[in-house]
Every structure is written in structure tokens, then in C-alpha cells.
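Chemist: Following is a predicted model, sequence given first.
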Amino acid sequence: MLDAPLLRSALFVPAGNARALARAANLKADALLFDLEDSAAPAEKDAARERLRDYLRATPKGRALRVVRINPLQSREGTEDLLMARAVRADAVLLPKVSGPQDLEEAGEALVQADAPDTMRLWAMIETPHGVLASAAIAGVPGRWRPGALVLGPNDLALSADLVVSPGRAELMPFLGPVIVAGAAYGVPVLDGVFNDFGDEPGFRAECVQGRAMGLAGKTLIHPTQIPPANQLFRPSEDEMRRAEAIRAAFADPVYAGRGVIRLDGRMVERLHLEQAERLLARAALARQIDQSDEESPS
Ligand SMILES: CC(C)(COP(=O)(O)OP(=O)(O)OC[C@H]1O[C@@H](n2cnc3c(N)ncnc32)[C@H](O)[C@@H]1OP(=O)(O)O)[C@@H](O)C(=O)NCCC(=O)NCCSC(=O)C[C@H](O)C(=O)O
Ligand SMILES: [Mg+2]
């Protein structure tokens with residue numbers, strides 16, 4: 001997944017909230033997910049869309065990807081949201097409650113009809129049992145409308161399957177697993193769901209560490225304070241980098257030239273670990289470059 005952009009932190013910004021929109025411009029998230037769905041009450045949806053249109057037109061784009069989460073395409077609001085996202089040249093449209101590949105094909109067709117720029121992508125929220133069951137077909141949609149990311153929706157999953165989720169979220173794992181496998185099989189990054197208790201920093205950090213260990217590319221967020229820990233915890237740690245550099249150096253040593261497997265610090269290391277190390281170092285270099293430029297730019 002080297003070609004994918006870094007997606008460590010993807011902050012939901014409620015489009016109906018003018019103060020949150022004003023804040024978003026200076027936040028150091030890798031992606032901003034402007035929300036027209038769950039955070040906008042039914043009576044506020046049209047006003048939220050107008051506010052977001054004005055904001056995106058008036059605000060220069062920073063480094064964060066701009067993604068618009070629309071209402072279900074089957075609704076009037078959803079269709080208008082999609083056309084607005086196209087008009088403001090959002091980087092991607094995030095479709096809620098995707099239940100099968102047909103949802104992506106339908107939205108893709110609507111974007112083609114609206115003459116959307118070639119660079120525009122679709123992202124898919126997987127947050128229903130049907131979406132989980134169909135996640136391989138969703139991640140494997142051929143051509144342009146293969147999703148740019150799969151986004152887990154733990155709140156809707158818990159609601160639809162009557163889950164009572166405890167710390168460590170063992171109850172959710174049967175739902176997360178198929179989506180993670182689907183993303184890995186088709187090279188589609190999977191973003192972890194939100195952590196609702198945004199005042200619980202240790203709990204949030206633990207979930208980031210767990211998500212990264214499960215192969216997730218990053219985490220969706222609900223509050224600006226969650227951005228720095230997500231950026232830090234979804235970037236390779238110093239220890240991981242040291243080990244990757246040691247693997248690279250060992251295989252570059254003429255003594256081991258042509259060897260498929262070697263012993264390093266008492267452990268078996270194979271060439272597949274070299275590939276993994278190179279990937280990790282490339283990701284770390286990209287993260288370092290982004291974080292350094294963030295530190296130099298005013299917030
Ligand atoms: C959760 C919140 C409602 C809390 O809001 P609030 O009490 O106002 O927080 P603070 O006073 O601590 O805010 C401090 C300042 O930060 C700004 N702020 C807060 N949140 C955001 C944000 N997400 N983006 C940008 N800016 C934000 C406040 O405006 C304050 O600024 P200022 O007034 O200038 O000082 C709130 O955080 C919030 O609304 N979060 C996002 C909610 C949301 O988008 N929900 C939908 C996405 S999650 C989801 O859908 C789940 C998924 O689908 C699933 O199924 O699991
Ligand atoms: Mg949801």
C-alpha cells in the first residue's frame with residue numbers, strides 16, 4: 001500500500017457547526033471528513049450543505065484530503081450532497097452504510113453524469129452487517145470506483161447487531177475482521193472507527209495501538225485533541241525503525257549476499273521481512289516529512 005496517501009488521522013467535521021468548520025482549516029489531520037449525515041439533524045441538512053459549500057469554496061486547501069460524507073444516495077439530500085461535493089472538487093465522497101458494490105457503481109455513475117474530475121474518488125463506510133458480509137466485493141470493485149478507503153462504523157454496527165461493546169472491543173471483532181481482510185486482499189486502506197469517549201485519552205491511545213497492530217491505516221476521529229496521538233501512533237515507532245534499519249543493513253552486508261534467511265539478534269529474518277522493513281521505512285520517511293512541515297507551518 002505504498003502508493004496510498006498517509007491516512008493516520010481522519011477527523012469528522014460536522015458541517016452544520018460553523019465554529020468547527022472555522023477550526024478545521026488549521027488542523028494537522030491527514031484527512032478532513034466533512035459530515036452531512038449523522039451530525040446534521042434532518043431539518044438542518046440543507047443549511048449544513050450550503051454552509052459547507054461556501055466554506056470549501058472560500059477556504060484554501062491545506063495538505064489534508066477533503067472528503068465529504070453524504071447522506072444515503074437514495075435520498076434527495078444524498079443526491080444534492082454528491083453534486084455539491086463534485087462542484088467544490090472534493091478529493092472524495094464518503095458513502096454511508098454501503099451494503100454492496102452496487103452502491104459504489106451507482107454513486108460512480110452519478111459522478112460521471114455530473115462530469116466529475118478524474119481525480120475524484122469514492123470511499124465506503126462499512127457499518128451494517130450486510131456491508132460486512134459484502135466487504136470483499138466492495139473492496140474489489142473494478143476500475144475507477146474501487147474505494148479509496150473503507151471506513152469502519154462501530155456505532156452503527158453496534159446498533160444494528162445489538163452489541164454491548166466493552167474496552168478492547170472483543171464484541172466487535174467478528175465484524176471488523178472481514179473488512180480488514182477485504183482491504184488487505186485488494187490493497188484498499190481500512191480506517192478504524194471513532195472512539196466516542198473523547199475525554200479518555202489513555203483509552204483512545206490503546207485503541208489506536210490496537211488498530212495499528214490489526215493493520216488499519218489510521219483512525220477516524222471526532223475531536224481535534226485526537227489528532228496528535230493518532231498521527232503519532234499510526235506512524236512507525238523509533239524501535240520499529242531501528243529494527244527495520246538493522247534488517248536492511250544485514251541483507252546489504254556482502255556476507256549475507258544471496259541468502260534467503262539469516263539470523264539477526266537471535267531471530268529468524270527472511271527476505272519478506274526485508275520487504276516489510278523497506279515499506280515501514282518508506283512510510284516513516286513520509287510521516288516525518290509531513291510532521292516536520294506541519295511543525296513549521298502556523299496552526
Ligand atoms: C463531540 C462534540 C459534539 C463535542 O463538541 P464540543 O463540546 O463543542 O467540544 P469542545 O468544546 O471541546 O470543542 C473545542 C473546540 O473545538 C472545536 N471542535 C470540536 N469538535 C470538532 C471537530 N470534530 N472538528 C472541528 N472542530 C471541532 C469546537 O468547535 C471548539 O471550537 P471553538 O468553539 O472555536 O473553541 C464535537 O467534537 C463534534 O461535533 N464532533 C464531531 C461529531 C461528528 O461529526 N459526528 C459524526 C461522525 S462520527 C460517526 O458518524 C460514527 C459512525 O458513522 C459510526 O457508525 O460509528
Ligand atoms: Mg454511522
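Modeler: Received, thanks. Ligands and ions are numbered 1, 2, ... in the order given.
Chemist: all strands in this structure, in order from the N-terminus.
Modeler: Assigned by DSSP state E, the chain shows strands spanning 9-14, 31-35, 65-69, 92-95, 121-126, 150-152, 190-192, 218-221, 261-264, 267-270.
Chemist: For these, could you give me a markdown table that also reports mean pLDDT, distance to residue 52 and mean neighbour count?
Modeler: (C-beta placed from N, C-alpha, C; glycine too.) Below are the strands of the chain laid out as a markdown table (pLDDT from 0 to 100; distance: least, C-beta to C-beta, whole Å; neighbours: other C-beta atoms under 10 Å):
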| stretch | mean pLDDT | distance to residue 52 | mean neighbour count |
| --- | --- | --- | --- |
| strand 9-14 | 98 | 9 | 26 |
| strand 31-35 | 98 | 5 | 26 |
| strand 65-69 | 98 | 7 | 24 |
| strand 92-95 | 98 | 12 | 26 |
| strand 121-126 | 98 | 17 | 26 |
| strand 150-152 | 98 | 18 | 27 |
| strand 190-192 | 98 | 21 | 26 |
| strand 218-221 | 98 | 18 | 27 |
| strand 261-264 | 96 | 52 | 14 |
| strand 267-270 | 97 | 49 | 14 |
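Chemist: Which among the ones you listed is found nearest to ligand 2?
Modeler: Judged by C-beta to the ion, the one of those that comes nearest to ligand 2 is strand 121-126, at 6.3 Å.
Chemist: Show me what the closest one is packed up against.
Modeler: strand 92-95, helix 101-113, helix 129-133, helix 135-139, strand 150-152 (3 or more C-beta pairs under 8 Å, 6 or more residues apart in numbering; DSSP states H and E).
Chemist: measure the residue positioned nearest the centre of the chain to residue 149 for me?
Modeler: Closest residue to the average C-alpha location of the chain: residue 191 at 3.7 Å, with C-alpha atoms, centre = their mean. For residue 191, the distance to residue 149 (C-beta to C-beta, to the nearest Å) stands at 6 Å.
Chemist: Tell me the residues that contact both of these two, please.
Modeler: Residues touching both residue 191 and residue 149 by C-beta atoms under 8 Å, 6 or more residues apart in numbering: 7, 217.
Chemist: on that earlier part again, if I pick the residue nearest to the centre of the chain, what's in contact with it?
Modeler: By C-beta under 8 Å, 6+ apart, the residues touching residue 191 are 7, 10, 149, 150, 151, 152, 216, 217, 218, 219, 220.
Chemist: Ok, residue 79 next?
Modeler: Going by C-beta under 8 Å, 6+ apart, residue 79 touches 73, 110.
Chemist: Fine by me, we can end here.
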